[in-house]
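In: Kindly return the folded structure for what I paste below:
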Amino acid sequence: MTFNKGSLILIDYTAKVKDTSEVFDTTIEEDAKKHSIHESNVKYQPKLVSIGEVSYPVLKGLDEALSKTAVGDKLTIEVTPDKGFGERDAGKVRMIPIRKLGEDAEKVSVGDTIEVDNKRGIIRFIGSGRVQIDYNHRYAGKTILYDVNVVKSLDSPNDKVDGILKNRLPLEDSKITFELKDKEVNITIPEEILRADGLQIMKHFIQLDIFKFVPSLEKVNFIETHLNKTQAKKTETKEEKKPEPKTA
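Out: A predicted model of the protein is given here:
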């Protein structure tokens with residue numbers, strides 16, 4: 001059974017450049033460590049993909065191939081530049097005076113990604129007081145191979161909400177809790193992220209995604225509990241000072 005446009009699925013994958021076998025992205029922590037691309041702040045888990053949609057997109061070539069797969073499929077998908085990171089454009093390679101980098105001029109080296117004039121690029125050459133910056137995507141012009149495992153199709157409202165929350169919230173899965181009741185969902189926001197940067201934006205996109213992929217729901221409620229820590233500390237102190245009961 002293939003997937004329709006708008007289907008939500010979970011995939012595990014490891015991506016590499018076909019010509020060099022350079023592994024640059026993966027959802028699998030073991031593979032990230034094996035290929036020395038592990039990042040401590042990354043949440044390694046199956047990737048949420050919305051087939052044919054922009055909500056949870058992947059490269060066009062990968063998306064098209066996934067639409068023809070089924071749960072349990074394990075395959076290698078080849079994505080050419082025209083359906084991947086694009087062809088290389090020589091016009092996006094610029095030579096600028098190194099002094100334009102200011103204080104960073106002495107810190108950068110070939111291969112570094114830097115931002116100049118609000119554009120991110122890769123340093124390709126440094127010399128004679130100049131620096132060459134490539135504003136093409138790092139993998140433009142490259143054919144990419146994805147080793148993919150189609151893990152699950154999110155079909156029920158519960159599975160869809162669960163997948164959306166795990167994707168949007170920077171929390172361990174065990175700390176994500178919600179309750180579906182009739183035509184609404186109650187989502188508990190743990191205290192540890194109540195002051196997180198961008199929480200309101202996270203909540204905004206969560207409710208947009210839920211209404212889009214679970215249109216039967218009419219309400220999304222975010223539950224935030226704030227404790228009076230000062231009062232709680234006083235209560236604890238009183239408990240500690242209680243005299244021990246006398247024994248006969």
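In: pull the longest helix from this protein.
Out: The longest helix of the chain (DSSP state H) is helix 199-213.
In: Tell me the helix or strand right after that one.
Out: Sequence-wise, the next helix or strand downstream of helix 199-213 (DSSP states H and E) is strand 219-224.
In: Buried residues of that next one, list them for me.
Out: For strand 219-224, the neighbour count (16 or more other Cβ atoms under 10 Å) marks 220, 222 as buried. For the C-beta atoms, the positions are set from N, CA and C on the backbone; glycine is no exception.
In: Apart from its neighbours in sequence, what residue is nearest the residue positioned nearest the centre of the chain?
Out: Closest to where the C-alpha atoms of the chain average out (Cα atoms, centre = their mean) is residue 167, at 6.7 Å. With sequence-adjacent residues excluded and distances taken as Cβ to Cβ, 6 or more residues apart in numbering, residue 167 is closest to residue 48, at 4.5 Å.
In: still on that earlier bit, now do the longest helix of the chain and strand 219-224, the angle between them.
Out: Interaxial angle of helix 199-213 relative to strand 219-224 (axes from the mean of the first three to the mean of the last three Cα atoms, to 10 degrees): 150 degrees.
In: ok so residue 166 is a helix residue?
Out: Yes - with DSSP: H, G, I helix; E, B strand; the rest coil as the criterion, residue 166 is located in a helix.
In: Touching, it and residue 45? I think so.
Out: Yes - the pair residue 166 / residue 45 is scored as a contact, 6.7 Å apart, by Cβ atoms under 8 Å.
In: where do the contact lists of the two overlap?
Out: residue 173 (Cβ atoms under 8 Å, 6 or more residues apart in numbering).
In: what's the average pLDDT for stretch 68-79?
Out: Taken as a whole, stretch 68-79 has a mean pLDDT of 97.
In: For the chain, just list every one of the helices.
Out: Along the chain, counting by DSSP H, helices occupy 29-34, 60-66, 157-168, 199-213, 229-241.
In: Tell me which of these lies nearest to residue 191.
Out: Residue 191 sits nearest to helix 229-241 of all those, at 10.1 Å, using Cβ to Cβ.
In: Below-threshold pLDDT in the chain: ranges please.
Out: Filtered on pLDDT under 70, the chain yields the residue ranges 1, 231-248.
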